[in-house]
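Asks: everything below, folded, please.
(chains A, B and C)
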Amino acid sequence: MPLWTIHHTPGIFTDEEKHDLAARITDHYEKVGLPRFYVVVLFDETKPTDFYVGGEPTPVGVRIVIDHIARHLPDKAARQRSTQWINGILQPHLSRHDGLHWEFHVDETSEDLWMINGLVPPPGRSEAEKAWARANAATAY
Amino acid sequence: MPLWTIHHTPGIFTDEEKHDLAARITDHYEKVGLPRFYVVVLFDETKPTDFYVGGEPTPVGVRIVIDHIARHLPDKAARQRSTQWINGILQPHLSRHDGLHWEFHVDETSEDLWMINGLVPPPGRSEAEKAWARANAATAY
Amino acid sequence: MPLWTIHHTPGIFTDEEKHDLAARITDHYEKVGLPRFYVVVLFDETKPTDFYVGGEPTPVGVRIVIDHIARHLPDKAARQRSTQWINGILQPHLSRHDGLHWEFHVDETSEDLWMINGLVPPPGRSEAEKAWARANAATAY
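Replies: Here you go, the predicted model:
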């Protein structure tokens, strides 16, 4: 469900750091009740001549697009809390790069327009969703 | 108009299978009245160390993001039907891969914020749109 | 804030043309008051066998996805004006390619779900935003 697409210039992440960041992102969603396999993180290395910030090619840039589907935030306060925890996950991974431009935004889309492995995921916080979380797999319900 | 972005790990599709899937997707939209050239399908091969499901690099994964612009779905029942036909197109192409995680979601955006070849596309179901569909090309109208 | 993702087949843009297009896009947003560094433009070269228009691989295609966050358009007339200026920027860069399919659409997402360099950007048109624009950098405010 949550899909994180992380566009980055070369040299920002080692493979180990990518794995670690993806795991930490997933840990968070698991804590709020989502099955771990709902969380997909894609890294997209983009060279400076394909990555412009302020109209100039950037040697160090990270631009993250997050799609949220299964859980929508009801109000501004909830959106601000969500933004802060995303920041809290990213900060330790990114703040040590000098001169880095890093930025993220979240889009929210309809849970009715979403399927995994040919199945409509169970309603949020339902017993079926909890069973998917325990099994960490999509099963008929 | 419909834009399908298909992120996939290596070895999921041959070039012939990509062509065939893109053609089947386009066939469907044509049946509901859209010009064939409205349909754009992009494949994005992503290696396992850039493709994480549940926090782990995945050897076999497909994550599809679909943008719908010219036609919005009026209610939950219509969204569910739409989700089912998308699943019906994908299932034969994907269900034969063992252990594959495959998932899609659809976003709906404003038809006012969209142009093709420098032209504002004609209103949905208008005579001008039908002419574009017959010509399979964008022409001044 | 505005994120332009430009998917294109090989040979459409030289590095110099990419730089020039990114700078012109950024100029426009600066004119309407945004800090230049808000504007990120990503180019994504995609080979014809990964880029299908109307179900066929295309030798010359450009598909642009634009995300707008900090400024939303209040009505249809404003959306149409926005669409026209985007077209005005792209036309000189793209209309000289014979047989090119080029298309763009814009998505609008919540400004509450957005951060740059660990900071919540200041409200649109605020004094703090003007200071960010003058400094062309994100600073605590």
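Asks: so which bits of chain A are right by chain C?
Replies: Residues of chain A found near chain C, taking Cβ under 8 Å from any Cβ of the partner chain as the criterion, are A:7, A:46, A:49-57, A:61, A:63, A:65-66, A:73, A:76, A:79-80, A:82-83, A:86-87, A:90-91, A:95, A:100-108. C-beta here means a position set from N, CA and C on the backbone, and glycine is covered the same way.
Asks: among those, which are in strands?
Replies: A:7, A:51-53, A:56-57, A:61, A:63, A:65-66, A:101-108 (DSSP state E).
Asks: filter the residues you listed down to the buried ones, ChimeraX style.
Replies: To isolate in ChimeraX the members of those that are buried, counting by 16 or more other Cβ atoms under 10 Å in any protein chain shown, one can use:
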select /A:7,51,52,53,57,61,63,65,66,101,102,103,104,105,106,107,108
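Asks: near chain B, from the ones in strands among the residues of chain A next to chain C?
Replies: Applying Cβ under 8 Å from any Cβ to these, those adjacent to chain B are residue A:107.
Asks: now residue A:82: how far from residue C:84?
Replies: 34 Å (Cβ to Cβ, to the nearest Å).
Asks: would you mind telling me which of these two has the busier surroundings?
Replies: When residue A:82 is set against residue C:84 and neighbours are counted by other Cβ atoms under 10 Å in any protein chain shown, the residue ahead is residue A:82, at 17 against 11.
Asks: for chain A, what spans make up the helices?
Replies: In chain A, the helices defined using DSSP state H lie at A:15-31, A:76-94, A:127-135.
Asks: which neighbouring elements make contact with the shortest one?
Replies: In this structure, helix A:127-135 packs against no helix or strand, with contacts taken as 3 or more Cβ pairs under 8 Å, 6 or more residues apart in numbering or on different chains; DSSP states H and E.
Asks: distance between it and the chain's centre?
Replies: From the chain centre to the centre of helix A:127-135 is a distance of 21 Å (Cα atoms, centre = their mean, to the nearest Å).
Asks: I'd assumed residue C:26 was in contact with residue A:55.
Replies: Yes: with contact taken as Cβ atoms under 8 Å, residue A:55 and residue C:26 are classed as touching, separated by 3.5 Å.
Asks: who touches both of those two?
Replies: Between them, residue A:55 and residue C:26 share these contacting residues under Cβ atoms under 8 Å, 6 or more residues apart in numbering or on different chains: C:36, C:39, C:41.
Asks: by neighbour count, which of the residues you listed wins?
Replies: Ranked by neighbour count under the definition other Cβ under 10 Å, those are headed by residue C:41 with 27 neighbours.
Asks: relative to chain B, how far out is that one?
Replies: 17 Å (Cβ to the nearest Cβ, to the nearest Å).
Asks: ok, that residue - contacts?
Replies: Shown here is residue C:41, whose contacts under the criterion Cβ under 8 Å, 6+ apart are A:52, A:55, C:3-4, C:6, C:21-22, C:25-26.
Asks: list the beta-bridge partners for it.
Replies: Here residue C:41 shows beta-bridge partners residue A:52, residue C:4, assigned using DSSP bridges.
Asks: just the contacts of residue C:41 now: which is nearest chain B?
Replies: In terms of Cβ to the nearest Cβ, no member of these lies closer to chain B than residue C:6, at 11.9 Å.
Asks: who's in contact with the closest one?
Replies: Contact partners of residue C:6, counting by Cβ under 8 Å, 6+ apart, are C:21, C:41-44, C:62, C:64.
Asks: then residue A:4?
Replies: Taking Cβ under 8 Å, 6+ apart, we find residue A:4 in contact with A:25, A:39-42, A:64-66.
Asks: so which two of the residues you listed are the farthest from each other?
Replies: A:39 and A:65 (14.6 Å; Cβ to Cβ).
Asks: what residues does chain A have near chain B?
Replies: Residues of chain A that fall close to chain B, judged by Cβ under 8 Å from any Cβ: A:1, A:3, A:15, A:18-19, A:22-27, A:35-45, A:67, A:69, A:107, A:109-110, A:112-118, A:120, A:136.
Asks: now, of those, which are buried?
Replies: A:1, A:3, A:18-19, A:22-26, A:35-44, A:67, A:69, A:107, A:109-110, A:112-117, A:120.
Asks: now stretch A:75-83: buried residues?
Replies: When neighbours are counted by 16+ other Cβ under 10 Å, the buried residues of stretch A:75-83 are found to be A:79, A:82-83.
Asks: quick one: average confidence on it?
Replies: Stretch A:75-83 shows a mean pLDDT of 93.
Asks: contacts for it, please.
Replies: Applying Cβ under 8 Å, 6+ apart, the external contacts of stretch A:75-83 come out as A:73, A:106, C:110, C:112-115, C:120.
Asks: and it, C-alpha only, in CSV?
Replies: Coordinates of each C-alpha in stretch A:75-83 appear next as CSV, following Å, rounded to 0.1, in the frame of the first residue of the first chain:
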residue,chain,number,x,y,z
ASP,A,75,-7.4,16.4,9.3
LYS,A,76,-4.6,18.8,9.2
ALA,A,77,-3.2,17.8,12.6
ALA,A,78,-3.0,14.2,11.5
ARG,A,79,-1.3,15.2,8.3
GLN,A,80,1.3,17.2,10.2
ARG,A,81,2.0,14.3,12.6
SER,A,82,2.4,12.0,9.6
THR,A,83,4.8,14.4,8.0
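Asks: rebuild the contacts of stretch A:75-83 as a markdown table, extending it with distance to residue B:125.
Replies: As requested, the contacts of stretch A:75-83 are arranged in a markdown table below (distance: Cβ to Cβ, whole Å):
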| residue | distance to residue B:125 |
| --- | --- |
| A:73 | 35 |
| A:106 | 33 |
| C:110 | 31 |
| C:112 | 36 |
| C:113 | 34 |
| C:114 | 36 |
| C:115 | 41 |
| C:120 | 43 |
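Asks: among the residues you listed, which ones are in strands?
Replies: Residues from the contacts of stretch A:75-83 lying in strands, with DSSP E as the criterion: A:106, C:114-115.
Asks: redo those as JSON lines? Include distance to residue C:131.
Replies: Compiled in JSON lines, the ones in strands among the contacts of stretch A:75-83 are given as follows (distance: Cβ to Cβ, whole Å):
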{"residue": "A:106", "distance to residue C:131": "26"}
{"residue": "C:114", "distance to residue C:131": "18"}
{"residue": "C:115", "distance to residue C:131": "18"}
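Asks: what is the nearest of the residues you listed to residue A:11?
Replies: Proximity of these to residue A:11 (Cβ to Cβ) peaks at residue C:115, which lies at 22.5 Å.
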